[in-house]
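A.B. asks: dropping a prediction and its sequence here:
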Amino acid sequence: MGIRSNNNSSHVHDCDDNCAANGCQHDCYLYPSIILQTTETQETAETIYENDTFDDEMISHDELHEVSLGNESNHSAATGPAATTEDEPFFRSSHLFRMVQYCYSLGLLIFCIAIVMGLIFTNQTVGTKENEVPNFVAFGVFWFLLVWLGIMEGGLGCLVGLVPVNKDIYEESHPNTYRNCVLSQKGSNMKRFIIGRQFLSFLAVFAINLMATPSEGALIFGIPNFLSSIFISNGVAIILTTIIVGQLTAQLVAAECMIDFINNKFMLVGVSYVSYFIEASGLLHCVYLAEMIFSELARYKKEGEQTDDEHRSAVQKTLYWSKIFTSCIVLVCSFIVVLSALLDGKTAAWDGLSPYVSIALFFFLMATVGVLEGMQ
């Protein structure tokens, strides 16, 4: 994991020319009292951080190379000798294959965006045709929601990734990043942010689908029937556009440039504050009950450790548990509505699919999404 900043701060440094001349193959981003580098040196970096060896002074490149080379030696001993010049043709062919992947993926993305935009401006989407939203409004809402979704997806990674970094380093150079991190790292705010942000993320995806999902019988650009079935009828065009533009790109950029990515007012006001407001409404408080049950079953609580509930006053406890109770009622009602629709065949499930198979797939996909979100 790396933390990169485009700001010319004296606290943030890339490898210099001397380091590159010595054959450094690592992306070294150096901070006082912490080294964030490649996974081969992560354990050593954690040890240095715990011991606080450097006391707010940048580590020298020579010392960093000693750490890197030592780990590379261990890695070579475990994996075998390094590649020789005989392997060069393989690397060249691999590089060519990578370029083909880039071009293919970019062309596919452009094709999908063209389909989605064409459907919007010809009034062949659910939003523009069935709900009679003006196409220029649907266009603006669609791209705003994609940008909003991207900031939400990348912002979460930044806030989590910057937890071990001393905030004083970027307080002056990146004031909005500093405010975001101070707010999220106060008490249980990180947990609250994750809950509220998850709701906003799904809300944005739902609204994007509403604006751009093709209506029945939609056709554009004279596309052959088999391509129309894949990209329009089955929604592959909108799926790829949403995932690539609104999620993956933002997540990868945020992973490389954590400090810069959230250094804006929109992340603070449009994502953080709104997420905390959604969590405070109590609509999603049933997740806290699930967390308590899981922690109890796993015996996660350390001996002598106090829970958040033990720090609350009587009024706060009453309000907190009333939110949990209300949230559980909303969840049960939601399950009843969804399961009834699945049993009556009133969903967008494939024609001819058994209601019981639909229910089984519903719970399986929910479990899969939960595991994937938790892993991330």
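C.D. replies: Happy to help now that I have it.
A.B. asks: counting neighbours, what do you get for F193?
C.D. replies: Other residues within reach of F193, judged by other C-beta atoms under 10 Å, total 24. No exception for glycine: its C-beta is placed from N, CA and C like everyone else's.
A.B. asks: er, G107 I mean
C.D. replies: G107: 10 neighbours (other C-beta under 10 Å).
A.B. asks: repeat for the one 10 residues further on
C.D. replies: The burial metric for M117, expressed as a neighbour count using other C-beta under 10 Å, is 18.
A.B. asks: that one contacts F139, doesn't it?
C.D. replies: Yes - assessed by C-beta atoms under 8 Å, M117 is found in contact with F139 at 7.2 Å.
A.B. asks: any idea of the mean pLDDT in stretch 178-192?
C.D. replies: Taken as a whole, stretch 178-192 has a mean pLDDT of 91.
A.B. asks: and the contacts of that stretch?
C.D. replies: Residues outside stretch 178-192 that contact it (C-beta atoms under 8 Å, 6 or more residues apart in numbering): 155, 158-160, 162-163, 167, 170-171, 193, 262, 267-268, 272, 275-276, 279-280, 308.
A.B. asks: now, of those, which are buried?
C.D. replies: Buried members of the contacts of stretch 178-192, scored by 16 or more other C-beta atoms under 10 Å, are 155, 158-159, 162, 170, 193, 262, 267-268, 272, 275-276, 279.
A.B. asks: residue nearest the centroid of this protein?
C.D. replies: What sits nearest the mean C-alpha location of the chain, by C-alpha atoms, centre = their mean, is E153, with 3.7 Å.
A.B. asks: does F221 belong to a helix, a strand or coil?
C.D. replies: Per DSSP: H, G, I helix; E, B strand; the rest coil, the local secondary structure of F221 is coil.
A.B. asks: and the spatially closest residue to it that is not a sequence neighbour, how far from T213?
C.D. replies: Ranked by C-beta to C-beta, 6 or more residues apart in numbering and with sequence neighbours excluded, the top spatial neighbour of F221 is G118, at 6.2 Å. G118 sits 14 Å away from T213 when distances are taken as C-beta to C-beta, to the nearest Å.
A.B. asks: number of residues surrounding R192?
C.D. replies: For R192, the neighbour count with other C-beta under 10 Å is 20.
A.B. asks: now it: which helix or strand?
C.D. replies: Applying DSSP states H and E as the criterion places R192 in helix 189-212.
A.B. asks: show me what counts as buried in that helix.
C.D. replies: By neighbour count with 16+ other C-beta under 10 Å, helix 189-212 contains the buried residues 189-190, 192-201, 204-205, 207-212.
A.B. asks: ok, longest helix in this structure?
C.D. replies: helix 88-121 (DSSP state H).
A.B. asks: so which bits of that one are buried?
C.D. replies: 109, 111-113, 115-120.
A.B. asks: immediately after it, which helix or strand?
C.D. replies: Toward the C-terminus, helix 88-121 is succeeded by helix 135-161 as the next helix or strand (DSSP H and E).
A.B. asks: now the angle from that next one to helix 88-121?
C.D. replies: Comparing the axes of helix 135-161 and helix 88-121 via axes from the mean of the first three to the mean of the last three C-alpha atoms, to 10 degrees yields an angle of 140 degrees.
A.B. asks: same for helix 135-161, what does it pack against?
C.D. replies: In this structure, helix 135-161 makes packing contacts with helix 88-121, helix 175-184, helix 189-212, helix 236-243, helix 249-256, helix 258-261, judged by 3 or more C-beta pairs under 8 Å, 6 or more residues apart in numbering; DSSP states H and E.
A.B. asks: now with 10 Å, please.
C.D. replies: Helices and strands touching helix 135-161, by 3 or more C-beta pairs under 10 Å, 6 or more residues apart in numbering; DSSP states H and E, are helix 88-121, helix 175-184, helix 189-212, helix 236-243, helix 249-256, helix 258-261, helix 274-280.
A.B. asks: nearest to L365, out of those helices?
C.D. replies: L365 lies closest to helix 189-212 among the helices and strands packed on helix 135-161, at 13.6 Å (C-beta to C-beta).
A.B. asks: for the closest one, list the C-alpha coordinates in CSV.
C.D. replies: Coordinates of each C-alpha in helix 189-212 appear next as CSV, following Å, rounded to 0.1, in the frame of the first residue of the first chain:
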residue,chain,number,x,y,z
ASN,A,189,-17.3,7.5,13.7
MET,A,190,-15.6,5.1,11.3
LYS,A,191,-18.2,2.5,12.0
ARG,A,192,-21.0,5.1,11.5
PHE,A,193,-19.5,6.3,8.3
ILE,A,194,-19.3,2.8,6.8
ILE,A,195,-22.9,2.1,7.6
GLY,A,196,-24.2,5.4,6.2
ARG,A,197,-21.9,5.3,3.2
GLN,A,198,-23.1,1.7,2.3
PHE,A,199,-26.7,2.9,2.2
LEU,A,200,-25.7,5.9,0.0
SER,A,201,-23.8,3.6,-2.3
PHE,A,202,-26.7,1.3,-3.0
LEU,A,203,-29.0,4.3,-3.3
ALA,A,204,-26.7,5.8,-6.0
VAL,A,205,-26.6,2.5,-7.9
PHE,A,206,-30.4,2.2,-7.8
ALA,A,207,-30.8,5.8,-9.1
ILE,A,208,-28.3,5.2,-11.8
ASN,A,209,-30.2,2.1,-12.9
LEU,A,210,-33.4,4.0,-12.9
MET,A,211,-32.0,6.7,-15.2
ALA,A,212,-30.2,4.3,-17.6
